[in-house]
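Chemist: Give the three-dimensional model of this entry:
(one chain, ligands or ions: 1)
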Amino acid sequence: MSTILLTGGTGHLGRDLVPALTGAGHAVRLFARNAGQDSSMEWVLGDLATGDGVDEALRGVDTVIHAATLSPIARRGMRLVDFFSSPSSVDIDGTRHLLAAAVRRGVSHFIFVSIVGLEFSTLPYSLVKLAGEQLVRESSLPWSVVQATPFYYLLAQMLGGLKWLPVWPLPTSPTNPADTRDVANYLAEAVIDGKRGMRPQIGGPDTMPFSDFARQYRDAFGLNRLVLPLPISHKMSFKMGLVATDERLGERTWKAWLCEERMRAR
Ligand SMILES: NC(=O)c1ccc[n+]([C@@H]2O[C@H](COP(=O)([O-])OP(=O)(O)OC[C@H]3O[C@@H](n4cnc5c(N)ncnc54)[C@H](OP(=O)(O)O)[C@@H]3O)[C@@H](O)[C@H]2O)c1
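Modeler: Numbering: from 1, shown residues only. So this is what the prediction gives:
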């Protein structure tokens, strides 16, 4: 069993990673700016952007799972500014601080959570994230990179932002977003299987046109909206982050996820 330092443990994926890792018997230390609600966990406070607390957090750690990110789009939805810039303080500077400290502390496995298709996207966030991934790949540490398709919560957030529109013109590009619990379980496997390097990418079990994902969302929440299927080129789809992978598939479907969300909202 490993002693793991997890960054991003208070985020969407991180909250599912904690039970996946502790359930597998690992000792998990959470690196965060503010301690989360679970006082049974070991919290080490610090800030990836400045590097504060990073070195201390790595004392006695053999595996790092770096799942922290600073994505303004994921935090508050897409704005015009996101087409021009994205902060690099966490995904590049923070990754650099963490890697340097991990080398000093002799960490034996550095696992980086990344995104499918970053190399095709021109969004500033994707470029920043790709630069962070590149730092890991160039590191002298034994590393793994796990690339996942966009998470269901992000898709729901995006579609929720369209509610004010009576007609939704949406691309028909095939895509298979994933549930964070499936990605968390896959990452937990990566801690113990001994493999290093680029891992098979993970996506959700259903690959279908993006417009069909929107239809299922609309129907699940009983919205009276017209989804207008809009065929676009592969190049444009990839640029928009509409990607798919069949290398590794999660189990939880979009329909099942929507059903859970609807119950939660009641
Ligand atoms: N969202 C997607 O669709 C998607 C798809 C594929 C892969 N990924 C990758 O999966 C990982 C998790 O994504 P997510 O959507 O779960 O992210 P998220 O919900 O936005 O959570 C981000 C996490 O990073 C932490 N963080 C931000 N700035 C920090 C700083 N300066 N110092 C320390 N921690 C900081 C946040 O802590 P606070 O609580 O303090 O803010 C939070 O725990 C990321 O690597 C992301 O690139 C995401």
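
Chemist: what does the stretch 151-266 of the chain put close to the ligand?
Modeler: Residues of the stretch 151-266 of the chain lying near the ligand by Cβ under 6 Å from any ligand atom: 151, 154. Where you see a C-beta, it was placed from the backbone N, CA and C, and this is true even at glycine.

Chemist: residue ranges with poor pLDDT in the stretch 151-266 of the chain?
Modeler: Applying pLDDT under 70 to the stretch 151-266 of the chain flags no residue at all.

Chemist: ok, which stretches of it are helices?
Modeler: 152-160, 180-192, 210-220, 234-239, 254-265 (DSSP state H, counting those that start in this stretch).

Chemist: JSON lines for those, including mean neighbour count?
Modeler: Formatted as JSON lines, those follow (neighbours: other Cβ atoms under 10 Å):
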{"stretch": "helix 152-160", "mean neighbour count": "19"}
{"stretch": "helix 180-192", "mean neighbour count": "21"}
{"stretch": "helix 210-220", "mean neighbour count": "20"}
{"stretch": "helix 234-239", "mean neighbour count": "14"}
{"stretch": "helix 254-265", "mean neighbour count": "14"}
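
Chemist: Run through the residues of the stretch 1-150 of the chain sitting next to the ligand.
Modeler: Contacts of the stretch 1-150 of the chain with the ligand, taken as Cβ under 6 Å from any ligand atom, map to 7-8, 10-14, 32-34, 47-49, 67-71, 74, 90, 94, 113, 115, 129, 148, 150.

Chemist: let's see it at 5 Å
Modeler: 8, 10-13, 33, 47-49, 67-70, 74, 90, 113, 115, 148, 150 (Cβ under 5 Å from any ligand atom).

Chemist: just the buried members of the residues you listed?
Modeler: By neighbour count, with 16 or more other Cβ atoms under 10 Å, those hold 8, 10-13, 47-49, 67-70, 74, 90, 113, 115, 148, 150 as buried.

Chemist: Identify whichever of the helices of the stretch 151-266 of the chain lies nearest to residue 247.
Modeler: helix 180-192 (10.7 Å; Cβ to Cβ).

Chemist: what residues does the closest one touch?
Modeler: Applying Cβ atoms under 8 Å, 6 or more residues apart in numbering, the contact partners of helix 180-192 are 2, 4, 12-13, 15-17, 19-21, 23-24, 26, 63, 65, 67, 109, 111, 113, 144, 146, 148, 151-153, 199, 202, 204, 248, 250-252.

Chemist: Please state the offset of that helix from the chain centre?
Modeler: Distance of helix 180-192 from the chain centroid (Cα atoms, centre = their mean, to the nearest Å) equals 12 Å.

Chemist: How about stretch 97-114?
Modeler: Using Cα atoms, centre = their mean, the offset of stretch 97-114 from its chain centre is 18 Å.

Chemist: Give me the buried positions along it.
Modeler: 97-99, 101-102, 105, 107, 109-114.

Chemist: List the contacts of residue 140.
Modeler: residue 103.

Chemist: Skip the chain neighbours and tell me the closest residue to residue 22.
Modeler: Closest residue in space to residue 22, ignoring its immediate chain neighbours: residue 28 at 5.6 Å, by Cβ to Cβ, 6 or more residues apart in numbering.

Chemist: what residues does the helix or strand hosting that neighbour touch?
Modeler: Element membership for residue 28, per DSSP states H and E: strand 27-32. If you take Cβ under 8 Å, 6+ apart as the criterion, strand 27-32 is touched by 1-7, 9-10, 14, 18, 21-22, 36, 41-46, 48, 53-54, 57, 61, 68.

Chemist: and the helix or strand just after it, which strands flank it?
Modeler: Toward the C-terminus, strand 27-32 is succeeded by strand 42-45 as the next helix or strand (DSSP H and E). Strand 42-45 has its sheet partners listed here by DSSP bridges as strand 27-32 (parallel).
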